[in-house]
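Asks: build me a model from this:
(2 chains, ligands or ions: 3)
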Amino acid sequence: MIVQLCDTSASFCHYPNTRAERKLISVEALRKALRMAMCENMTVQFLYPDYALPSEYVELIESVDHAKVAPVGVTDEADIVVLPSLDRADEVKEGDTVCVRISRAELCDSVEALSALLRRVTRLNVSLTDSHTAVPEELPAYADALDRLGETVKEEYARGHFVQLNLLTDRLMLKQMNNCNAGAETVTLAPDGKFYICPAFYLEGDSPVGDPDAGIEVPNAQLYALSHAPICRSCDAWHCRRCVWLNRKRTLEVNTPGRGQCLTAHAEREASRRLKERMDAAAPGNMFNEIEKLDYTDPFEKVSR
Amino acid sequence: MSDTKIKKQEEPWQGGVAKNITFIVTKDCQLACKYCYLVGKNEKERMSWETAKAAIDYVLDREEEFPQESVVWDFIGGEPFLEIDLIDRICDYIKTELYRRDHHWFDSYRFSFSTNGINYDSEKVQRFINKNLSHLSIGITIDGTRRKHDLNRIWKGSGPERGSYDDVVRNIPLWLEQFPGGGTKVTISSADIPYIKESVLHLYGLGIHEVNINVVFEDVWKEGDDRLFEDQLMELADAIIDGGWYESCSCSFFSENIGKPLDPELENQNWCGAGMMLAVDAAGNFYPCTRFAAYSLRSKKPLIIGNVRDGIDQDKLRPFLTLDRLTQSPQKCIDCEVASGCAWCQGENYDAADTDTIYQRSTAICLMHKARVRANNYYWNKLFRKLELEGKKEEYEKNKPEANASLTC
Ligand code: SF4
Ligand code: SF4
Ligand code: SF4
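Replies: Ligands and ions are numbered 1, 2, ... in the order given. Presented below is the predicted three-dimensional model:
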């Protein structure tokens, strides 16, 4: 269960959150939801706003096992630090797990800043804000930037710092699909005390899929599962978030990705493959996955053949 | 030579290899049929020449994106022949452009119409037909006997209800003269069930040898309809076999290929052609099929995949092009022992779904399909027994029609 504590809680993912007006979830709703999470054996992640929470909230939060996703500088106890912009990278502490939202163009222009960050953190999660709009002509520049970031990863490994960069190392380490799974395995409690598929669905004004009293009932829940996603289930870009919110935005179906998301994930998969080759040359016998070279850049081409 | 003939259903022209492009030329019609799925019919939305031309140019400018061997240019309404001047201009333009561009569809095209037949004999329509005869498919919709036809197919307007049977039937001889193999499409809703047998036989009697008949996909069925339906189909089976109609006529209700379980891997394809087709309306919007246009939908917003100015948004086509049977079917259909031939309409699935998805199969016809399967089994058992007794079974087996997975939209 993801709990978006306030309307202004920073986005940690593909969706933007432009809400500026504070609206904190009610203590009552939070209490009910946490009770439900414990009864249903759900793990809980809290999305923090950029201000200190009242003590009753802190107390409640601490009463359950959880992870904190918080903007940089808000709490020393964040499990995942959300960086609103690379300009504030200095505030990140050594060993943090950091999440940053940037566009592909920004990423290409910020390889050095990202590399500097990679040298200090345990894990860097880059959420692209525009993966869904990618077209083939834009990908060589992205691939080049990924290769340069790969070089940093390789150097860090060489000095014993096993940093993770979701765009490159996840595909090298995962053994199967590891997508966002919103709607199938995760659900979001929003500040209105109701459940949504993910924060993006709440922010976009979707209907809720339940509340702590009535329980969770996702209509057509099967469509959020990998088994019911004809393109994704034949894909091996295991690191891809397979964002159901972007899917719906682009194709009108939560189970079908648009071309941009697939092209981007495959540029990353291919960059991971190249990184593996370079790692093999530098450090034979490493534990990274072998990655096969593909003859497509979008699994749709394979499925619709 | 065999004298045992069993009329098989005609395959659609270039079935499977033709691109289907539909112009919704008007949303107006002279009739106000009670079962009409076009909930948003109106007199205002007529396609302009500029929109039609832009749609044609869009398609012909992108020959590589439309690689199908052939094309069927479909015209629907409302009643398409209300816009005969526009249609004539469209068809002339298409022919000229195919020639001018040396397009691979030159001489591999059809113009297709589904009409209520009312102004079929008008001078303008006849001039158009004679000009394009060798490239035309025209189906006239007639529901059967006067009683059955007039039950639903009534003239629009206030005042006492007036059926359209006479206005259509008078054009049947001319139509059959021009299109000797002409078939008709009959749609069965709950109230029509008692008239199925007499209607099909009546159509055969009018000289229409191919009757494509479907139950509507919408959830209109009442308790007991399936029993009634089965009884009607059994009576129809008796009449077709005892009367020897099977030699010269076909009725799509009876097919050797329905009512079997389907292989989850080998027979996992989608039934409906939505997404392979392209429809364009008066506003210049593109749809995966006409059933996704606003005027066809009861409860969902239109599913627009682009327009003549900005083109087709290929992302919006992806769900259609990767849709398979199992992903959209509930478990009961996956396990179903009589699944083959149980059809669906993607548009109705979308309209009836709990969310805005094409991936939730509506099974409103479930009991009706099962009833059809029972009657269909009866039909073939009875027919084969008859052929056997007449010593013609073996000949039939040798000459029997090939498997036919024709669409029933
Ligand atoms: S669906 Fe998942 S990946 Fe997409 S925005 Fe929501 S949480 Fe992020
Ligand atoms: S790359 Fe495309 S097909 Fe593969 S998991 Fe991601 S969204 Fe799905
Ligand atoms: S709708 Fe009914 S008859 Fe048709 S496949 Fe499903 S279970 Fe079988």
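
Asks: all contacts plus neighbour counts: C-alpha atoms, from now on.
Replies: Fine.

Asks: confirm that residue A:82 sits in a strand.
Replies: Yes: assessed by DSSP: H, G, I helix; E, B strand; the rest coil, residue A:82 belongs to a strand.

Asks: could you find the closest non-adjacent residue to it?
Replies: residue A:71 (4.4 Å; Cα to Cα, 6 or more residues apart in numbering or on different chains).

Asks: surely residue B:120 and residue B:129 touch.
Replies: No: if you go by Cα atoms under 8 Å, residue B:120 and residue B:129 don't touch, sitting 9.3 Å apart.

Asks: just give me the neighbour total for the residue nearest to residue A:82.
Replies: Close neighbours of residue A:71, defined as other Cα atoms under 10 Å in any protein chain shown, add up to 24.

Asks: check contacts around it.
Replies: Contacts for residue A:71 were tallied using Cα atoms under 8 Å, 6 or more residues apart in numbering or on different chains; they are A:10, A:48-50, A:81-84.

Asks: recalculate using a threshold of 6 Å.
Replies: By Cα atoms under 6 Å, 6 or more residues apart in numbering or on different chains, the residues touching residue A:71 are A:50, A:81-82.

Asks: closest to residue B:350 among these?
Replies: Among the contacts of residue A:71, residue A:82 lies closest to residue B:350 (Cα to Cα), at 39.1 Å.

Asks: now that closest one, which residues is it bridged with?
Replies: Beta bridges link residue A:82 to residue A:71, residue A:99, judged by DSSP bridges.

Asks: if I look at it, how far off is residue A:125?
Replies: Separation of residue A:82 from residue A:125 (Cα to Cα, to the nearest Å): 9 Å.

Asks: confidence score at whichever residue of the stretch 101-250 of chain A sits closest to chain B?
Replies: At 5.5 Å from chain B, residue A:228 is the closest residue in the stretch 101-250 of chain A, using Cα to the nearest Cα. pLDDT recorded at residue A:228 is 97.

Asks: where along chain A do the helices fall?
Replies: Taking DSSP state H as the test, the helices found in chain A are A:27-39, A:55-62, A:104-109, A:111-118, A:139-158, A:166-173, A:199-203, A:244-251, A:259-282, A:299-303.

Asks: for the last one, give me every contacting residue.
Replies: Read it as helix A:299-303. Residues contacting helix A:299-303 (Cα under 6 Å, 6+ apart): residue A:231.

Asks: over to the third one?
Replies: Applying Cα under 6 Å, 6+ apart, the external contacts of helix A:104-109 come out as residue A:145.

Asks: quick one, helices of chain B?
Replies: Using DSSP H, the helices of chain B run over residues B:49-61, B:84-100, B:123-132, B:146-152, B:165-169, B:172-178, B:196-205, B:225-242, B:314-321, B:325-328, B:331-334, B:346-352, B:366-389, B:393-399.

Asks: any idea how far the residue nearest to residue B:314 when sequence neighbours are not counted lies from residue B:280?
Replies: Leaving aside its chain neighbours, residue B:314 sits nearest to residue B:305 (7.7 Å; criterion: Cα to Cα, 6+ apart). Using Cα to Cα, residue B:305 is found at 10 Å from residue B:280.

Asks: how many neighbours does residue 238 have?
Replies: You didn't say which chain, so I picked chain A. A count of nearby residues for residue A:238, using other Cα under 10 Å, gives 20.

Asks: switch to chain B, that's the one I care about
Replies: When neighbours are defined as other Cα under 10 Å, residue B:238 has 17 of them.

Asks: ditto for residue B:246
Replies: Residue B:246 is flanked by 20 other residues according to other Cα under 10 Å.

Asks: what residue ranges in chain B are flagged as low confidence?
Replies: Scanning chain B for pLDDT under 70 picks out the ranges B:1-16, B:35-44, B:396, B:399-409.

Asks: interface residues of it facing ligand 2?
Replies: Contacts of chain B with ligand 2, taken as Cα under 6 Å from any ligand atom, are absent.
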